[in-house]
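# Could you look at this predicted model? Sequence included:
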Amino acid sequence: MKQVKDRYFYKIWALYIFLFSFGIHLNAKGRYLPEWKEYVVMQADMSSTITQVETLQSYLEQGIEAVMVKDDAILRKQATEKGMVILSQKTLEIYQQRQKVKGADVIIFARLKSDTYIRYALEENCFLELLDCNIYGSSRWLNKYLEDTLEITTQLVAANKLRIDIRNLADIPLILKPIPQTSICLNELEPIELQGSARKVIFASLSDMTLSSYDLNVEVVNLFSTETNMPYIYNIPVKGMLFSKSESGVLNCAIIPQPKTIRSNTHSKFVINEQTCIQVATNKAKTEIHFLTDRLKQAASLTP
């Protein structure tokens, strides 16, 4: 009887150890996934193995930081000293199970710059594939890529006329094809070609100036969603303009462009809050913001 109890005890204990270890694995893995925390973006080559030191430098110049390296101590040391990630065979196999485009470089969204974190990201499909300046992947990560890559600034330059500056912060070219809309109308609907680190200026007319923001819909010609096998449609958020007076007599005004940094001190008679509203604290502040309201009247033909 004692032997039966002992065997039963050991089985329960082994099951507990297994479940506890599995829970730790899932918990640790969850902490490393980029969805819940900040991530780093890396470009990896998983289609070839580096055999020469000269190739390492060439890859770095192309922006590739994660590579397969042959089993050579000197070569691996050189790669590590250059700050590159040496990918393991296990990581390569994980990618090959999820690969959609043959011969493509891989843009990976990982928690940290290491082989282990890259493998976690690949397991959860947190990556895009790059081939011949075309990018393929899920809509979720195409959207994140564009959020990090496109820098948008806006400025009201005349009555209902908006200047939009679009900058491509990455080295990979982008081709944006505007989609006709009613609330915001571009003066030209020609495709916008943005080379790496390039900037383009476009102008748009606003049919309704009371909106605080607009969505400028574009078809990104060289980005393809693997869910639809079609070019990806991206909504570029564009800051709008709202000018009104509340019932309490406080003047609220959202301006273009929205300031990236806000400075204030104890002597300020008005402040700019998160909604980019100027709140007048005293009647004396009216004189101090006269320059702003005067400019708004001239630019947008508005009155408080």
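Right, received. Where do you want to start?

# which residues sit in contact with the closest residue to Ile236 other than its chain neighbours?
Leaving aside its sequence neighbours, Ile236 sits nearest to Leu216 (C-beta to C-beta, 6 or more residues apart in numbering; 4.2 Å). Backbone N, C-alpha and C define where each C-beta goes, glycine included. Neighbouring residues of Leu216 by C-beta atoms under 8 Å, 6 or more residues apart in numbering: 164, 178, 181, 184, 186, 204, 235-238.

# Of these, which belong to strands?
164, 178, 184, 186, 204, 235-238 (DSSP state E).

# pLDDT averaged over the host helix or strand of Ser47 - what is it?
Using DSSP states H and E, Ser47 sits within strand 40-50. Strand 40-50 shows a mean pLDDT of 92.

# where in the stretch 51-200 of the chain is pLDDT low?
159 (pLDDT under 70).

# Go again with 80.
The model of the stretch 51-200 of the chain has pLDDT under 80 over residues 155-161, 182-183.

# for it, what spans make up the helices?
All helices of the stretch 51-200 of the chain, identified by DSSP state H, counting those that start in this stretch, fall at 53-61, 73-81, 89-98, 115-123, 139-149.

# closest to Asn222 out of those helices?
helix 139-149 (11.0 Å; C-beta to C-beta).

# returning to what we had before: derive a ChimeraX selection command for the buried subset of the ones in strands among the contacts of Leu216.
A single ChimeraX command selects the buried members of the ones in strands among the contacts of Leu216 (16 or more other C-beta atoms under 10 Å):
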select :164,178,184,186,204,236,238
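
# In CSV: the ones in strands among the contacts of Leu216, plus distance to Ala79.
What follows is the ones in strands among the contacts of Leu216, written out as CSV (distance: C-beta to C-beta, whole Å):
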residue, distance to Ala79
Ile164, 42
Pro178, 43
Ile184, 48
Leu186, 46
Ala204, 47
Asn235, 40
Ile236, 38
Pro237, 40
Val238, 43
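
# of all the ones in strands among the contacts of Leu216, which comes closest to Lys70?
The closest of those, once distances to Lys70 are taken by C-beta to C-beta, is Ile236, at 44.0 Å.

# I'd like the distance between that closest one and Gly63.
24 Å (C-beta to C-beta, to the nearest Å).

# domain assignment for the chain?
Domains of the chain are assigned by automatic domain parsing as 1-32, 40-131, 152-239, 242-300.

# In contact with the residue nearest to Leu128 when sequence neighbours are not counted: list those residues for me.
Nearest residue to Leu128 in three dimensions, chain neighbours excluded: Gly137, at 3.6 Å (C-beta to C-beta, 6+ apart). Contact analysis of Gly137 by C-beta under 8 Å, 6+ apart lists 107, 127-129, 145, 225-226.

# If you rank those residues by neighbours, which is first?
For those, the largest neighbour count, defined by other C-beta atoms under 10 Å, is 26 neighbours, found at Leu128.

# beta partners of that residue?
Taking DSSP bridges, one obtains Ile107 as the residues bridged to Leu128.

# List the strands paired with the strand holding Ser47, with their directions.
Strand pairing (DSSP bridges) places strand 40-50 next to strand 64-69 (parallel), strand 105-110 (antiparallel).

# Could you tell me which residues within that strand count as buried?
Those would be 40-46, 50, for strand 40-50 by 16+ other C-beta under 10 Å.

# if we take those, which one ends up nearest to Gln97?
Nearest member of those to Gln97, counting by C-beta to C-beta, is Met46, at 11.9 Å.

# what sits against the closest one?
68, 87, 92, 95-96, 106.

# Spit out the contact partners of the nearest residue to it once chain neighbours are set aside.
Using C-beta to C-beta, 6+ apart and skipping residues adjacent in sequence, the residue nearest Met46 is Tyr95, 5.3 Å away. Applying C-beta under 8 Å, 6+ apart to Tyr95 gives the contacts 46, 106, 122, 127.

# one more time with 7 Å
46, 106, 122 (C-beta atoms under 7 Å, 6 or more residues apart in numbering).

# what about the second one, how many neighbours?
In terms of burial, Val106 registers 24 neighbours under the definition other C-beta under 10 Å.
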